[in-house]
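[1] I'd like to go over a predicted model; first the sequence, then the structure.
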Amino acid sequence: MRNEELTAVQKNALSVLRQRSEIANGASPALALLRRTYGHAEFRGAQRDVIEHVSAGGDALVLMPTGGGKSLCYQIPALLREGAGVVVSPLIALMQDQVAALTQLGVRAAALNSAVDAEEARRIEQALATGRLDLVYVAPERLTTPRFLALLERTKIALFAIDEAHCVSQWGHDFRPEYLQLSLLHERYADVPRIALTATADPQTRAEIVARLRLEAARVFVSSFDRPNIRYTIVDKADARNQLLCFIRQEHAGHAGIVYCLTRRKVDETCAWLIEHGVRALPYHAGMDSATRSAHQARFQRDDGIVIVATIAFGMGIDKPDVRFVAHLDLPKSIEGYYQETGRAGRDGLPADAWMSYGLADVVQQRRLIERSDASDEYKRVSSAKLEALLGLCETAGCRRVRLLAYFGEASAACGNCDTCIDPPETWDATEAARKALSAIYRTGQRFGAVHLIDVLRGRKNERVLQWAHDRLGVFGIGADLDDAAWRSVFRQLVTLGLARVDHDAHGGLKLTACSRAVLKGEVPVQMRRVVTRPTPLPKAKAESFAHLPPTAAQRLQRLKEWRLAEARAQAVPAFVILHDSTLMEIARRRPPDLSALASIAGIGARKLERYGVALLQAVADD
């Protein structure tokens with residue numbers, strides 16, 4: 001095609017796209033904007049109600065799962081209302097990705113943070129004050145400075161959006177003290193609508209968000225917390241690194257993923273071990289210099305198939321939609337933390353995995369951290385209750401998703417997409433095993449950990465058993481009928497059930513509790529989950545929507561990804577900012593013959609059609 005012919009086709013396609021979004025065709029202003037700018041035909045879930053409420057000037061608290069479309073809930077009202085939307089965001093990386101994505105859509109957006117030099121900051125401030133920005137992202141500590149507040153006084157403000165609002169909660173997993181100052185928005189700008197958004201908030205955290213941000217009059221929108229595309233799997237920890245490697249190789253070879261570890265040392269060791277075994281992995285933790293951390297995060301964002309091994313310092317600012325798995329090698333602190341971290345998988349709606357290995361040492365470690373912290377007794381009590389809820393999720397014999405959603409106050413049915421649904425665990429009468437284990441704890445002096453107690457029960461005459469003469473006890477060898485994995489499960493569940501406790505003043509030794517006596521006397525039966533050692537991961541529970549493309553479509557998809565990668569590198573932005581995988585897959589599947597057909601695919605708005613349409617058609621034309 002000649003250039004003038006391409007221009008004519010582009011204009012025709014844009015005209016078609018505009019016609020589809022015209023209010024005269026029955027669409028509201030918000031829906032017309034969604035179709036024209038974002039390239040989506042309809043709103044999802046509660047998006048429409050939230051957007052209409054905030055656009056009309058109302059305050060809102062929005063609880064919506066990761067990947068549920070929270071950003072649209074403030075972006076569209078900001079574009080519809082007069083003035084600029086001011087978005088409070090906690091991390092630079094999150095701001096940068098959001099601004100890059102909005103710029104691709106033709107939205108005038110910028111971020112003010114420590115990564116912006118003084119000259120650029122002045123330019124952004126001037127653009128904001130003179131009405132030449134639609135959205136500006138700012139960190140909470142900058143928003144509350146006299147300089148920025150003075151700038152807001154000269155600016156027409158459409159709304160305030162407080163993203164990651166759970167950061168205001170001192171009981172939350174990601175508390176940010178600077179968020180406590182955001183109540184000034186209510187005091188100084190009572191007529192400007194405020195919308196607070198989070199993907200993670202139990203009832204206690206919700207109440208604290210409302211109180212601390214002065215949102216008592218706000219309308220609360222609670223979407224389902226369910227992420228049906230995520231499969232939850234929790235395995236009994238045996239050899240965690242090998243279990244992880246098996247999972248990656250058999251389920252997610254070549255896929256992007258996140259592996260969470262509790263300590264910096266474990267991050268480094270796990271990352272080096274994965275690299276040694278052929279996994280493209282990078283470490284990330286606060287002990288690394290900022291330049292290296294930034295470089296690793298940028299590679300993870302922009303390259304395909306990188307596995308990042310990190311502490312929980314990594315993640316909140318990650319907007320990468322094609323993370324196919326999140327793995328935990330250590331137990332998180334709470335269900336909120338677990339939900340937030342696993343929610344970084346599958347943001348594009350395609351199948352993803354949340355995998356965790358879990359053992360008694362994890363329980364001991366987390367309880368030790370709570371007991372030895374300098375926090376108040378009330379904080380320790382709340383932290384212990386949150387840990388107990390997480391242990392209940394780990395030990396349940398029922399659907400994990402039902403247990404997870406129940407924590408957030410949501411009723412649900414068995415999902416068919418977690419390990420306990422796909423391969424239901426057996427329960428067994430563990431009364432006799434529990435009595436033997438409790439007897440071993442008592443007879444050895446209530447000072448030894450599970451490893452030593454298992455050696456005693458299984459009748460091993462090793463150096464430590466002989467040193468303490470525990471081979472002469474009546475409990476020596478009475479547990480030879482169960483293997484090590486089964487006994488580890490028994491001791492772990494005894495602790496979870498409150499029948500034994502960890503004595504942190506005795507180097508993690510196990511002690512009896514007030515409830516132990518009734519079990520030892522045979523007055524109370526004990527049911528436990530039976531440990532299952534799986535040599536391979538579970539079979540896929542649900543077919544991947546786009547996994548089985550015909551060969552020609554798969555070739556098209558590969559060409560589209562190569563084009564996208566080159567385009568992303570040329571613009572120095574993450575690949576997903578150009579177009580999401582789901583959009584490329586649909587283009588590859590449908591092979592649109594012209595720009596008008598391309599415009600009907602979700603994710604192709606007016607600006608992207610105009611900017612990339614011809615290149616996309618050329619990429620799928622050569623079969």
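    Yep, it's here.
[2] looking only at pLDDT, what's the mean for the lengthiest helix in the chain?
    In the chain, assigned by DSSP state H, the helix with the most residues is helix 551-571. The average pLDDT for helix 551-571 rounds to 91.
[3] Likewise for stretch 591-609?
    When pLDDT is averaged along stretch 591-609, the result is 94.
[4] what are the bridge partners for I258, then?
    Taking DSSP bridges as the rule, I258 bridges to I308, V326.
[5] surely it meets A327?
    Yes - contact criterion Cβ atoms under 8 Å: I258 and A327 qualify, at 7.2 Å. Yep, even glycine has a C-beta here, placed from its N, CA and C like the rest.
[6] for the helix or strand containing K608, packing partners?
    Secondary structure from DSSP states H and E places K608 in helix 606-621. Using 3 or more Cβ pairs under 8 Å, 6 or more residues apart in numbering; DSSP states H and E as the contact test, the elements touching helix 606-621 are helix 3-20, helix 92-104, helix 551-571, helix 581-590, helix 595-598.
[7] 7 Å - rerun?
    With contacts taken as 3 or more Cβ pairs under 7 Å, 6 or more residues apart in numbering; DSSP states H and E, helix 606-621 sits against helix 3-20, helix 551-571, helix 581-590, helix 595-598.
[8] just the strands in the stretch 151-300 of the chain please.
    Secondary structure of the stretch 151-300 of the chain by DSSP state E, counting those that start in this stretch: the strands cover 157-162, 194-198, 219-222, 230-236, 257-260, 281-284.
[9] Same list (these) but as TSV, adding mean pLDDT and distance to A434.
    Formatted as TSV, the strands of the stretch 151-300 of the chain follow (pLDDT from 0 to 100; distance: least, Cβ to Cβ, whole Å):
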stretch	mean pLDDT	distance to A434
strand 157-162	98	49
strand 194-198	96	41
strand 219-222	95	40
strand 230-236	95	17
strand 257-260	96	32
strand 281-284	96	40
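[10] Out of the ones you listed, which is closest to L453?
    Nearest to L453 among the strands of the stretch 151-300 of the chain is strand 230-236 (17.3 Å), distances taken as Cβ to Cβ.
[11] Let me see the residues that make contact with the closest one.
    Contact with strand 230-236 is made by 243, 342, 345-346, 352-359, 394, 400-401, 417-419, 485, 489, 531, 534, 538, 541, as judged by Cβ atoms under 7 Å, 6 or more residues apart in numbering.
[12] Separate out the buried members of the residues you listed.
    243, 342, 345-346, 352-359, 394, 400-401, 417-419, 485, 489, 531, 538, 541 (16 or more other Cβ atoms under 10 Å).
[13] and the residues you listed, which of them are in helices?
    Using DSSP H, the subset of the buried ones among the contacts of strand 230-236 located in helices is 243, 342, 394, 400-401, 419, 485, 489.
[14] out of the residues you listed, which one sits closest to T200?
    Lowest distance from T200 to these (Cβ to Cβ) belongs to T342, with 10.6 Å.
[15] Show the contacting residues for that closest one.
    Here T342 is in contact with 230, 326, 354 (Cβ under 7 Å, 6+ apart).
[16] okay if I get the residues you listed as TSV plus distance to H470?
    Output for the contacts of T342, formatted as TSV (distance: Cβ to Cβ, whole Å):
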residue	distance to H470
I230	45
V326	42
A354	40
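[17] Could you list the low-pLDDT ranges of the protein?
    The chain contains residues with pLDDT under 70 at 1-26, 171-173, 313, 315-317, 504-508, 532-548, 623.
[18] Report back the residue of it that's furthest from centre.
    Distance from the centre of the chain peaks at R472, with 51.1 Å (Cα atoms, centre = their mean).
[19] what sits against that residue?
    So R472 contacts nothing (Cβ under 7 Å, 6+ apart).
[20] quick one: it from V87, how far?
    Counting by Cβ to Cβ, to the nearest Å, the gap from R472 to V87 is 69 Å.
[21] D429 and M528 touch, don't they?
    No - using Cβ atoms under 7 Å, D429 makes no contact with M528, being 8.5 Å away.
[22] Show me which of the two is the more surrounded one.
    Using other Cβ atoms under 10 Å as the criterion, D429 and M528 rank with M528 on top: 24 against 11.
[23] For the more buried one, give me its contacts.
    Applying Cβ under 7 Å, 6+ apart, we find M528 in contact with 427-428, 430, 490, 493.
[24] I'd like the ones in helices among the buried ones among the contacts of strand 230-236 as a markdown table, with distance to A500 appended.
    Shown next, in a markdown table, are those (distance: Cβ to Cβ, whole Å):
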| residue | distance to A500 |
| --- | --- |
| Q243 | 25 |
| T342 | 29 |
| C394 | 16 |
| R400 | 24 |
| R401 | 29 |
| D419 | 26 |
| A485 | 18 |
| S489 | 13 |
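[25] any chance you could map the helices in the stretch 51-200 of the chain?
    Per DSSP state H, counting those that start in this stretch, the stretch 51-200 of the chain carries helices over the ranges 70-80, 92-104, 118-129, 140-143, 146-153, 184-188.
[26] oh, I was asking about the stretch 251-400 of the chain
    For the stretch 251-400 of the chain, applying DSSP H, counting those that start in this stretch gives helices covering 264-276, 290-302, 335-342, 360-371, 377-395, 400-407.
[27] chain center to the fifth one, what's the gap?
    Put plainly, it is helix 377-395. Centroid separation between helix 377-395 and its chain, computed with Cα atoms, centre = their mean, to the nearest Å, is 20 Å.
[28] now do the first one
    Between the mean C-alpha location of helix 264-276 and the chain-wide mean there is a distance of 21 Å, by Cα atoms, centre = their mean.
[29] Show the secondary-structure elements that the longest helix of the chain is packed against.
    When contacts are defined as 3+ Cβ pairs under 7 Å, 6+ apart, helix 551-571 sits against helix 575-578, helix 581-590, helix 606-621.
[30] winner for burial among these?
    Among the helices and strands packed on helix 551-571, helix 575-578 has the highest mean neighbour count (mean count of other Cβ atoms under 10 Å), at a mean of 23.
[31] What is it packed up against?
    helix 92-104, helix 551-571.
[32] I'd like to know which of the contacts of M528 are buried.
    Among the contacts of M528, the ones that count as buried by 16+ other Cβ under 10 Å are 430, 490, 493.
[33] Let me know the closest of the residues you listed to K237.
    Taking Cβ to Cβ as the measure, K237 lies nearest Q493 of those, at 13.6 Å.
[34] host element of the closest one?
    Using DSSP H and E, Q493 maps to helix 484-496.
[35] In PDB, list the C-alpha atoms belonging to that helix.
    Taking Å, rounded to 0.1, in the frame of the first residue of the first chain, the C-alpha atoms of helix 484-496 are listed here in PDB:
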ATOM      1  CA  ASP A 484       9.800 -38.900  58.400                       C
ATOM      2  CA  ALA A 485       7.400 -37.000  56.200                       C
ATOM      3  CA  ALA A 486       4.400 -38.300  58.000                       C
ATOM      4  CA  TRP A 487       5.900 -37.400  61.400                       C
ATOM      5  CA  ARG A 488       6.800 -33.900  60.300                       C
ATOM      6  CA  SER A 489       3.200 -33.500  59.300                       C
ATOM      7  CA  VAL A 490       2.000 -34.800  62.600                       C
ATOM      8  CA  PHE A 491       4.200 -32.400  64.600                       C
ATOM      9  CA  ARG A 492       3.300 -29.400  62.400                       C
ATOM     10  CA  GLN A 493      -0.400 -30.100  62.800                       C
ATOM     11  CA  LEU A 494      -0.100 -30.600  66.500                       C
ATOM     12  CA  VAL A 495       1.300 -27.000  66.700                       C
ATOM     13  CA  THR A 496      -1.400 -25.700  64.300                       C
END
